[in-house]
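**Student:** No sequence on hand, only this structure:
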């Protein structure tokens with residue numbers, strides 16, 4: 001009598017799983033193991049042992065499952081190359097015994113989820129599960145197949161190549177020629193940035209995520225008199241609050257637990273060159289005070305040190321936040337704002353760069369072909385171009401780059417079709433507060449916004465009243481149904 005194949009589940013341990021120890025629900029992993037029975041569970045994790053071990057004890061008490069946990073070394077939880085290597089290695093080990101394989105997608109970073117789908121749709125056929133508070137535990141179907149041409153390419157791609165293709169970082173030698181545009185507003189910004197490059201003034205760059213703030217910063221540095229000296233980039237939003245001083249100004253050996261040697265901060269590393277502080281608006285007020293002193297006096301003191309050190313850097317900052325609002329509310333120091341906001345560049349989102357979408361798409365795809373021969377002859381079909389032109393691109397150039405990469409990997413020939421592109425797009429829900437968060441400095445249509453706002457509430461009031469206009473007018477605080485009719489006519493609400 002043939003024995004059924006053992007059912008094996010593999011999953012990362014994610015932050016929401018570890019948070020279950022604090023009483024925040026079961027987490028996706030425990031929820032899945034409670035709802036679905038497996039013969040064996042293989043768990044991968046990149047968290048410290050002192051966080052994971054208590055969780056594993058807790059998990060063993062909650063679920064009746066035979067699981068094995070494996071520590072995985074990653075330099076970053078979003079390093080696609082390292083994630084691919086580790087996931088591929090463990091999947092090869094598990095599938096060598098011929099089990100019925102399942103992958104839980106929910107825990108882990110988006111990069112981890114993307115690698116699961118890549119491997120599970122090519123080298124290791126499997127079933128996919130996901131778990132959420134809203135939908136519970138579900139077996140899901142990924143509604144596409146990766147092309148047969150891609151499968152051998154996927155197995156032959158090195159970890160470094162996967163990382164290079166997936167990352168849309170600004171090139172180290174970025175120049176203003178790398179800023180591809182036909183848009184008059186962007187051309188003006190390029191000209192202004194070239195002028196700023198020749199002057200030793202701080203520069204503040206505004207723009208949504210993915211609009212090219214670092215590309216502008218590197219181009220300014222490379223066109224300046226400091227080009228032969230270091231360019232150091234730092235994401236202020238990614239620094240743990242307890243390490244901000246050490247990261248910015250350095251520390252001395254023994255300054256705190258783990259400080260086994262002297263370490264320079266980014267100000268010292270950028271000596272003579274340019275320091276680019278991205279997500280600058282995320283710095284806490286107490287750090288803003290110390291940063292202001294460094295900018296005013298050109299000196300800083302490493303953590304645990306007693307001797308002041310002189311620093312000579314050109315500062316370029318970037319943020320997606322409205323710092324004037326932050327200054328007004330007291331969340332950001334006014335004196336620091338005026339210190340960094342000497343040269344100011346407002347980068348428009350991609351949806352406002354008329355004439356640039358098609359040009360950028362072709363340029364980015366050609367760039368992918370330059371990095372990998374398998375993508376060298378890929379083209380975009382006219383139907384796919386139409387989708388590109390209509391998509392809002394909330395992630396801007398970065399979203400466009402990653403979408404084109406997925407499309408190029410998945411398309412079966414040399415031409416990216418409309419269907420290839422649709423499969424590659426992420427449909428992000430609108431933020432409910434978005435209508436009140438528009439950047440007025442870039443210009444808005446207030447009548448259109450009022451119409452959107454009014455239309456939403458009028459339709460909801462009509463639904464609540466069973467389409468009774470008199471009752472709907474009362475719910476909206478309007479005088480009578482005639483006033484409601486006037487509003488509906490004014491804003492074209494049916």
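**Tutor:** Yep, that arrived. As the structure is a computational prediction, the values presented were derived from the model and not from experiment.

**Student:** pLDDT below threshold where in the stretch 301-450 of the chain?
**Tutor:** 427-444 (pLDDT under 70).

**Student:** could you redo the last one with a cut-off of 50?
**Tutor:** Where the stretch 301-450 of the chain drops to pLDDT under 50, the residues are 430-433.

**Student:** Could I get the full set of strands for it?
**Tutor:** 309-310, 314-319, 343-346, 379-380, 415-416 (DSSP state E, counting those that start in this stretch).

**Student:** go on, the stretch 151-300 of the chain?
**Tutor:** 203-206, 231-235, 274-278, 299-300.

**Student:** Show me what the shortest one is in contact with.
**Tutor:** Contacts with strand 299-300, where a contact means C-beta atoms under 8 Å, 6 or more residues apart in numbering, come from 248-250, 265, 267-268, 290, 293-294, 308-311. C-betas here are computed from N, CA, C, even on glycine.

**Student:** Need phi/psi at residue 377.
**Tutor:** Dihedral pair for residue 377: phi -110, psi 20, per degrees, to the nearest 10.

**Student:** how's this structure carved up into domains?
**Tutor:** 7-165, 176-346, 356-424, 443-490 (automatic domain parsing).

**Student:** Just give me how far the third one sits from the chain centre.
**Tutor:** What separates the centre of domain 356-424 from the centre of its chain is 19 Å, taken as C-alpha atoms, centre = their mean, to the nearest Å.

**Student:** Quick one: end-to-end distance for it.
**Tutor:** 20 Å (C-alpha to C-alpha, to the nearest Å).

**Student:** Now the lengthiest helix in the chain: buried residues?
**Tutor:** Across the chain, the longest stretch assigned as helix under DSSP state H is helix 446-464. Using 16 or more other C-beta atoms under 10 Å as the test for burial, helix 446-464 gives 451, 454-455, 458, 461-462.

**Student:** Tell me which of the strands of the stretch 301-450 of the chain sits nearest to residue 102.
**Tutor:** strand 415-416 (31.3 Å; C-beta to C-beta).

**Student:** Sheet-wise, list the partners of that closest one with their directions.
**Tutor:** Partner strands and pairing direction for strand 415-416 (DSSP bridges) are strand 379-380 (parallel).

**Student:** Kindly indicate whether residue 128 is helix, strand or coil.
**Tutor:** Assigned by DSSP: H, G, I helix; E, B strand; the rest coil, the conformation of residue 128 is strand.

**Student:** thinking residue 13 is in contact with residue 53, fair?
**Tutor:** No - at 11.2 Å, residue 13 and residue 53 do not qualify as touching, with contact defined as C-beta atoms under 8 Å.

**Student:** ok, back up a step: from the contacts of strand 299-300, keep the buried residues only.
**Tutor:** Buried among the contacts of strand 299-300 by 16+ other C-beta under 10 Å: 248-250, 265, 267-268, 294, 309, 311.

**Student:** need the residues you listed in JSON lines with distance to residue 95, can you?
**Tutor:** As requested, these are arranged in JSON lines below (distance: C-beta to C-beta, whole Å):
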{"residue": "248", "distance to residue 95": "47"}
{"residue": "249", "distance to residue 95": "50"}
{"residue": "250", "distance to residue 95": "47"}
{"residue": "265", "distance to residue 95": "46"}
{"residue": "267", "distance to residue 95": "50"}
{"residue": "268", "distance to residue 95": "49"}
{"residue": "294", "distance to residue 95": "54"}
{"residue": "309", "distance to residue 95": "55"}
{"residue": "311", "distance to residue 95": "54"}
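
**Student:** Please identify which of the strands of the stretch 301-450 of the chain is closest to residue 330.
**Tutor:** Here strand 314-319 is closest among the strands of the stretch 301-450 of the chain (C-beta to C-beta), at 16.9 Å.

**Student:** counting contacts, what elements does that closest one pack onto?
**Tutor:** Here strand 314-319 touches strand 203-206, helix 213-222, strand 274-278, going by 3 or more C-beta pairs under 8 Å, 6 or more residues apart in numbering; DSSP states H and E.

**Student:** what comes into contact with the shortest one?
**Tutor:** For strand 203-206, the external contacting residues (C-beta under 8 Å, 6+ apart) are 193, 196, 213, 216-217, 220, 280, 315-320, 323, 340-347, 439.

**Student:** If we use 6 Å, what do you get?
**Tutor:** 196, 213, 216, 316-318, 340-341, 343-346 (C-beta atoms under 6 Å, 6 or more residues apart in numbering).

**Student:** same question, the longest one
**Tutor:** Applying C-beta under 6 Å, 6+ apart, the external contacts of helix 213-222 come out as 170, 174-176, 193, 197, 205, 207, 231, 274, 276, 316, 318.
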